[in-house]
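Colleague: Here is my input, please return the structure:
(one chain, ligands or ions: 1)
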Amino acid sequence: MQADNSFSNGDEPPSGNSSQSLKEFHSAGRGYWHDVSDSDWNDWKWQLKHRITTVEQLQKFLPTLIPEEFAGAKLANTKLALAITPYFFNLIDPADENCPIRLQVIPKLAESHTAPWEMSDPVGEDSHSPVPGLVHRYPDRVLFLVTDRCAAYCRYCTRSRLVSNATGYDFHPEFDKQIAYIAAHPEIRDVLLSGGDPLLLSDDKLENLLSRLRAISHVEFLRIGSRIPTFLPQRITPELCAMLKKFHPLFMSVHSNHPRELTTEVRDALGRLADAGIPLGNQSVLLKYVNDDATVMKALVQKLLMCRVKPYYLYQCDLISGSAHLRASVRQGIEIMQQLRGHTTGYAVPQYVIDAPGGGGKVPVNPEYVLSHNADRVVLRNYEGKIFEYPEATDGKPCGRPPEKIEESQLV
Ligand code: SF4
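Modeller: Residues are numbered from 1 along each chain as shown. Here you go, the predicted model:
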């Protein structure tokens, strides 16, 4: 196959970082794979079969590979496998070693440095697992791990202990046992399928699993967590969508971190899911040099709305071993939230959360908008920094006293 690293087919992602250029939709293009037939390129199985999985392929397709990445890729298969679909690979800017797409999927040597506070299971899933592959941490819902495989592997993955099976975790979920546990626990009304990526299952297997879950009368609500729409939009076929729509209410949480991931292909795939009546939410992870910037984040959330996706969570990056080089600070996260709330559509504003280390669950983290609160009143700060008072209700009746003038000194 002839090398074409120039992205000169008119499909290249925009290089500018202005809000408007970030929000433009582009195709990922064909890049190196320009002579592949349309039917192969648009076939999700072809994409999986032709993933970049070795350091030699990386060197071939990315001549600008830096020594830190070369060394990281050499070690990857002992920690978290290297895999990138040709489609997603085309979004990498070969001229930029800090390309936000590149940073997410190309391993670096820094992954082998582990800080004392980092963990292999940072949110305590294994300790809340009554049967293999099922996490029951919150009272009324469970996380159902379907597979340990993904279309591509994110270098900051919270479940890198098990996904890709590079560390010998030996993940063997038994659907019968997982389903039996759910059937025996009437308090479980919500099941989230995740993994690995559930959309890597064949349509038939996924349909069988969803049917068995739907047959449990107390399961009210099904969710699928998937990064496939951004790594492998070819998988979102009309047949898959037609099958999924039989299981409503079925929601889907997709995962994108940077506006450049939202290509025309992804927009079309998300549109097919939305047309099947599947409400879509997005989960992002706050990542250093990827999206720790209010302009980038605002472009991402606005572009998600254009793709009919509600930005759902912004996660502080978990304390996964070897992820320090990708972790942005909580302070940056709060500042970004401050620059979203009130400055753009409320639907576009995700909830920023920290998944409490060790298994405490998601804790919302918000900028300080309530400056003081007592029996009589709440003092509030709006998005412009202006201060307002709201009289507190007592015993169901509004406070009768008139608002007092608020002095700055009262607010500390
Ligand atoms: S797609 Fe999800 S489970 Fe798979 S590597 Fe990325 S973050 Fe982990």
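Colleague: Please report phi then psi for the nearest residue to W33 once chain neighbours are set aside.
Modeller: Using CB to CB, 6 or more residues apart in numbering and skipping residues adjacent in sequence, the residue nearest W33 is P86, 5.2 Å away. Heads up, the C-betas are built off the backbone N, CA and C, glycines and all. In terms of degrees, to the nearest 10, the main-chain angles of P86 are phi -50, psi -40.
Colleague: isn't P86 right next to T53, touching?
Modeller: No. Using CB atoms under 8 Å, P86 makes no contact with T53, being 11.4 Å away.
Colleague: Between these two, which has more neighbouring residues?
Modeller: Neighbour totals were compared for P86 and T53, and P86 leads with 22 against 17 (other CB atoms under 10 Å).
Colleague: what residues does this structure put near the ligand?
Modeller: Taking CB under 6 Å from any ligand atom as the test, the list of the chain residues beside the ligand reads C150, Y153, C154, C157, R159, V163, G195, G196, D197, R227.
Colleague: run the last query once more with 8 Å
Modeller: Proximity of the chain to the ligand is assessed by CB under 8 Å from any ligand atom, with 80, 150-154, 156-160, 163-164, 194-197, 225-227, 231, 255, 285 identified as the residues in range.
Colleague: Return the residues in contact with Q283.
Modeller: Contacts for Q283 were tallied using CB atoms under 8 Å, 6 or more residues apart in numbering; they are G225, S253, V254, H255, Y312, Y313, L314, Y315.
Colleague: Torsion angles phi and psi at the residue nearest to T54 when sequence neighbours are not counted?
Modeller: Using CB to CB, 6+ apart and skipping residues adjacent in sequence, the residue nearest T54 is L82, 7.3 Å away. For L82, the backbone dihedrals (degrees, to the nearest 10) come out as phi -90, psi 130.
Colleague: How about N282?
Modeller: Torsion angles at N282 (phi, psi; degrees, to the nearest 10) stand at phi -120, psi 140.
Colleague: so what's G322 up against?
Modeller: Contact partners of G322, counting by CB under 8 Å, 6+ apart, are K79, A110, E111, S112, H113, T114, E118.
Colleague: surely the third one meets K79?
Modeller: It refers to E111. Yes. At 6.2 Å, E111 counts as touching K79 under the criterion of CB under 8 Å.
Colleague: which residue is nearest the middle of this structure?
Modeller: Among the residues of the chain, the smallest C-alpha distance to the mean C-alpha position (CA atoms, centre = their mean) belongs to H255, namely 2.9 Å.
Colleague: Can you pull the phi/psi pair for the closest residue to that one other than its chain neighbours?
Modeller: For H255, ignoring the flanking residues on the chain, the nearest one in space by CB to CB, 6+ apart is R227 at 4.2 Å. For R227, the backbone dihedrals (degrees, to the nearest 10) come out as phi -100, psi 0.
Colleague: Likewise for R341?
Modeller: With angles defined as degrees, to the nearest 10, R341 sits at phi -60, psi 120.
Colleague: got it, and L143?
Modeller: Listed backbone geometry of L143 is phi -100, psi 120, with angles given as degrees, to the nearest 10.
Colleague: Hmm, E125 and it touching each other?
Modeller: Yes. Between L143 and E125 there is a contact under CB under 8 Å: 7.3 Å.
Colleague: any chance you could map the helices in the stretch 151-300 of the chain?
Modeller: Across the stretch 151-300 of the chain, reading from the start of the chain, the helices by DSSP state H, counting those that start in this stretch fall at 175-183, 203-214, 228-231, 238-244, 264-275, 294-306.
Colleague: Using a markdown table, lay out those helices together with mean neighbour count and mean pLDDT.
Modeller: Compiled in a markdown table, these are given as follows (neighbours: other CB atoms under 10 Å; pLDDT from 0 to 100):
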| stretch | mean neighbour count | mean pLDDT |
| --- | --- | --- |
| helix 175-183 | 16 | 97 |
| helix 203-214 | 16 | 98 |
| helix 228-231 | 27 | 98 |
| helix 238-244 | 16 | 98 |
| helix 264-275 | 19 | 98 |
| helix 294-306 | 21 | 98 |
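Colleague: Make JSON lines from those helices and add distance to V135 to it.
Modeller: Below are the helices of the stretch 151-300 of the chain laid out as JSON lines (distance: least, CB to CB, whole Å):
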{"stretch": "helix 175-183", "distance to V135": "10"}
{"stretch": "helix 203-214", "distance to V135": "15"}
{"stretch": "helix 228-231", "distance to V135": "21"}
{"stretch": "helix 238-244", "distance to V135": "23"}
{"stretch": "helix 264-275", "distance to V135": "25"}
{"stretch": "helix 294-306", "distance to V135": "26"}
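Colleague: residues touching the nearest residue to Y138 once chain neighbours are set aside, list them.
Modeller: Distances taken as CB to CB, 6+ apart place G361 nearest to Y138, at 6.4 Å, with adjacent residues excluded. Taking CB under 8 Å, 6+ apart as the contact definition, G361 lies against R137, Y138, D355.
Colleague: So which of the residues you listed belong to strands?
Modeller: Those of these mapping onto strands are R137, Y138, D355, per DSSP state E.
Colleague: Test my guess that the last one contacts K362.
Modeller: Read it as D355. Yes. Counting by CB under 8 Å, K362 is a contact partner of D355 at 5.4 Å.
Colleague: For the residue of the stretch 251-400 of the chain found nearest the ligand, list each beta-bridge partner.
Modeller: Closest to the ligand within the stretch 251-400 of the chain is H255: 6.0 Å, counting by CB to the nearest ligand atom. Note on H255: beta-bridge partners Q283, judged by DSSP bridges.
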